[in-house]
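Chemist: All I have is the shape, not the residue letters:
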Ligand code: CA
Ligand code: CA
Ligand code: CA
Ligand code: CA
Ligand code: CA
């Protein structure tokens, strides 16, 4: 309307009339058409001349044309007064996130001058599938995570309008995880993984899930992303001895270094949490520690000091297996060692004389002296009665 304000005073009345007519034409000539995106080139948008009530035969002479619109014209007028698509229109390129997607163009026709405004609504077609930023997402979750723990996942993107954009997510069938979706309004929907049932590293060290995003199309289009979950170990297993009981037989006087037996324990945990070391149990007497030794790494029990059947004929030693976790877990098992006797003692004869002289007429059977024989060895190596 500023053009009207600048007119010379003598022409003001005429210009005011023209401006009024212009406004009237503007108000009455607004046309609106709609076309689907991605249509064919040259597709008909609408019969503008007919809809405006213009005489088709005089259009050329009156300079019927589009005077403004998008920088790169999407539409063109024909000699017959129809508006047609000039090139294939991608709604997502023209409007991005604006909805509805309206393209405004101005059409003029001269003698007399008429200005018409046409709005073309580009209707969305579901021509995009939801896509995830990555085909594969890796997560690390401790096996100690409690049910209910939540892990946010990457959202899928779909450039179509709200109706045909991401509407829902689904997760492949599995025992441990469920899916919930946070609705962030304009920022879309965010999938969140939550732990339904506790993990156990020893049962399954990893889990593979498939996250699928579905749009609002009928039928919906979809896109998927793989989720690989590595379960992080926690020291939740104690070492377990592979034998219910351990026993061995050892000859006395066995040389130092002799291997008696080997204990073995295993631990299901990973790394240091599963590495086992052996030692004597808490309450093993210091005297026993001088007689036997246990190898921390191999579990081998060897002779460390003198073994004397006559001093002790059997031993029961507690052996401890511990893992190398930060807070180690341990278990104990007793090892029974039976010592076998050897004939390593000479019999000792002791004579107790009762009288220094014996009468010549003493009767047979009279006790003249007591003789005793002692042997520290067991019965089998004791004094013979013959
Ligand atoms: Ca879509
Ligand atoms: Ca679309
Ligand atoms: Ca573990
Ligand atoms: Ca362990
Ligand atoms: Ca002996």
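Modeler: That came through, no problem. Every value quoted in this text rests on a predicted model; they were computed, and no experiment measured them. Numbers count the residues shown, from 1 in each chain. Ligands and ions are numbered 1, 2, ... in the order given.

Chemist: From now on I want contacts and neighbour counts done on CA atoms only, so please keep to that.
Modeler: Fine.

Chemist: Can you give me the first-to-last residue distance of stretch 161-181?
Modeler: Terminal residues of stretch 161-181 lie 20 Å apart, using Cα to Cα, to the nearest Å.

Chemist: now do stretch 106-117
Modeler: End to end - Cα to Cα - stretch 106-117 spans 5 Å.

Chemist: Next, the buried residues of that stretch.
Modeler: The neighbour-count check on stretch 106-117 (16 or more other Cα atoms under 10 Å) flags 107-109, 114-117 as buried.

Chemist: quick one: that stretch to chain centroid distance?
Modeler: 65 Å (Cα atoms, centre = their mean, to the nearest Å).

Chemist: now it: mean pLDDT?
Modeler: The average pLDDT for stretch 106-117 rounds to 90.

Chemist: Spit out the contact partners of the residue most central in space within the chain.
Modeler: Centroid check for the chain by Cα atoms, centre = their mean gives residue 229 as the closest residue, at 2.5 Å. The neighbours of residue 229, taking Cα atoms under 8 Å, 6 or more residues apart in numbering as the test, are 138-141, 206-208.

Chemist: ok, which pair from these is furthest apart?
Modeler: The largest separation in the contacts of residue 229, counting by Cα to Cα, is between 141 and 208 at 12.8 Å.

Chemist: Comparing the two, which residue is more hemmed in?
Modeler: residue 141 (17 against 14; other Cα atoms under 10 Å).

Chemist: List the contacts of that one.
Modeler: By Cα under 8 Å, 6+ apart, the contact list for residue 141 reads 229-232.

Chemist: in the stretch 251-386 of the chain, which segments are predicted with low confidence?
Modeler: 353-356, 382-386 (pLDDT under 70).

Chemist: Strands of that one, start to end?
Modeler: Using DSSP state E, counting those that start in this stretch, the strands of the stretch 251-386 of the chain run over 259-262, 265-266, 276-280, 292-294, 300-303, 314-323, 330-340, 348-353, 369-374.

Chemist: Would you mind reformatting the ones you listed (as TSV) and adding columns for distance to ligand 5 and mean neighbour count while you're at it?
Modeler: Formatted as TSV, these follow (distance: least, Cα to the ion, whole Å; neighbours: other Cα atoms under 10 Å):
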stretch	distance to ligand 5	mean neighbour count
strand 259-262	19	17
strand 265-266	35	20
strand 276-280	28	22
strand 292-294	20	21
strand 300-303	18	20
strand 314-323	14	20
strand 330-340	8	18
strand 348-353	14	11
strand 369-374	12	11
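
Chemist: Would you indicate which residues of stretch 234-246 are buried?
Modeler: 234-241, 246.

Chemist: what's the farthest-apart pair in the residues you listed?
Modeler: 234 and 246 (29.8 Å).

Chemist: Which residues of the chain lie near ligand 5?
Modeler: Contact residues, the chain versus ligand 5 (Cα under 5 Å from the ion): 341-344, 377.

Chemist: if we can go back for a sec, tell me if the strand or helix carrying the residue nearest to the centre of the chain is near ligand 1.
Modeler: If you go by DSSP states H and E, residue 229 is part of strand 222-232. No: Strand 222-232 is not in contact with ligand 1 by Cα under 5 Å from the ion; minimum separation 8.1 Å.

Chemist: and which of the buried residues of stretch 234-246 is nearest to ligand 5?
Modeler: Ranked by distance to ligand 5 (Cα to the ion), those are led by residue 246 at 24.8 Å.

Chemist: quick one, what contacts the closest residue to the closest one other than its chain neighbours?
Modeler: Nearest residue to residue 246, sequence neighbours excluded (Cα to Cα, 6 or more residues apart in numbering): residue 335, at 4.9 Å. Contact partners of residue 335, counting by Cα under 8 Å, 6+ apart, are 245-248, 315-319.

Chemist: Which residue ranges make up each domain of the protein?
Modeler: Annotated domains of the chain cover 9-123, 136-232, 240-340, 348-381 [automatic domain parsing].

Chemist: Would you tell me which of those domains gets closest to ligand 2?
Modeler: Ranking these by their distance to ligand 2 (criterion: Cα to the ion) puts domain 136-232 first, at 4.3 Å.
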